[in-house]
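Student: need coordinates for the below:
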Amino acid sequence: MIPPKAKTRRWPLYLAGLLVLLMALFALYTWLTLTWSYSEGERAGYVQKFSKKGWICKTWEGELAMVAMPGSLAEKFPFSVRDAAVAAKLEKTMGKRVALIYEQHVGVPTSCFGETEHFVLDVRSVE
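Tutor: Numbers count the residues shown, from 1 in each chain. The predicted model follows:
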């Protein structure tokens, strides 16, 4: 039989094991939300806002103005860019009509990867 003092000394070990398990589950969930895309597509319009922002985790955030017909109200499409090369390509096409190729990732637990669900993968100029 185990003495009573030995049983009371094991609770920190159980607590540490539980913390490690919770952190592993959180990391797995984050990885799944970033690798599995809910939807993918393409949107065309004019980039009206694009900046790198954030207190700790700096991310590229932007807004695409999509105009269906001249004179109608523009629909805004908020997006995030995770790749610096895509961000540089997007900055070069500012002021021109562009098409953004994106993936939507639902349920990303933190804004360190982007403030929106829509992550731009590529940009092409539309003439």
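
Student: point out where this protein drops to low pLDDT.
Tutor: Residue ranges of the chain with pLDDT under 70: 1-8.

Student: just want the most central residue of it.
Tutor: Gly114 (3.5 Å; Cα atoms, centre = their mean).

Student: the closest residue to it other than its chain neighbours pairs with what?
Tutor: Excluding the flanking residues, the one nearest Gly114 by Cβ to Cβ, 6 or more residues apart in numbering is Ser80, at 2.9 Å. All C-beta atoms are positioned from the backbone trio N, CA, C, and that covers glycine. Beta bridges link Ser80 to Glu61, Phe119 when assigned by DSSP bridges.

Student: burial of Ser80, as a residue count?
Tutor: 21 (other Cβ atoms under 10 Å).

Student: that one reaches Cys112, doesn't it?
Tutor: No - applying Cβ atoms under 8 Å as the test, Ser80 and Cys112 come out as separate, 10.8 Å apart.

Student: tell me which residues in stretch 106-115 are buried?
Tutor: By 16 or more other Cβ atoms under 10 Å, the buried positions in stretch 106-115 come out as 108, 113-115.

Student: repeat that for stretch 29-40.
Tutor: 30, 33-34.

Student: so which of the residues you listed are in helices?
Tutor: 30, 33-34 (DSSP state H).

Student: using TSV, lay out those together with distance to Ser72.
Tutor: Output for those, formatted as TSV (distance: Cβ to Cβ, whole Å):
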residue	distance to Ser72
Thr30	39
Thr33	35
Leu34	35
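
Student: ok, back up a step: so can I have JSON lines of the buried residues of stretch 106-115 showing secondary structure and distance to Ala74?
Tutor: Shown next, in JSON lines, are the buried residues of stretch 106-115 (DSSP: H, G, I helix; E, B strand; the rest coil; distance: Cβ to Cβ, whole Å):
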{"residue": "Val108", "secondary structure": "coil", "distance to Ala74": "26"}
{"residue": "Phe113", "secondary structure": "coil", "distance to Ala74": "27"}
{"residue": "Gly114", "secondary structure": "coil", "distance to Ala74": "22"}
{"residue": "Glu115", "secondary structure": "coil", "distance to Ala74": "20"}
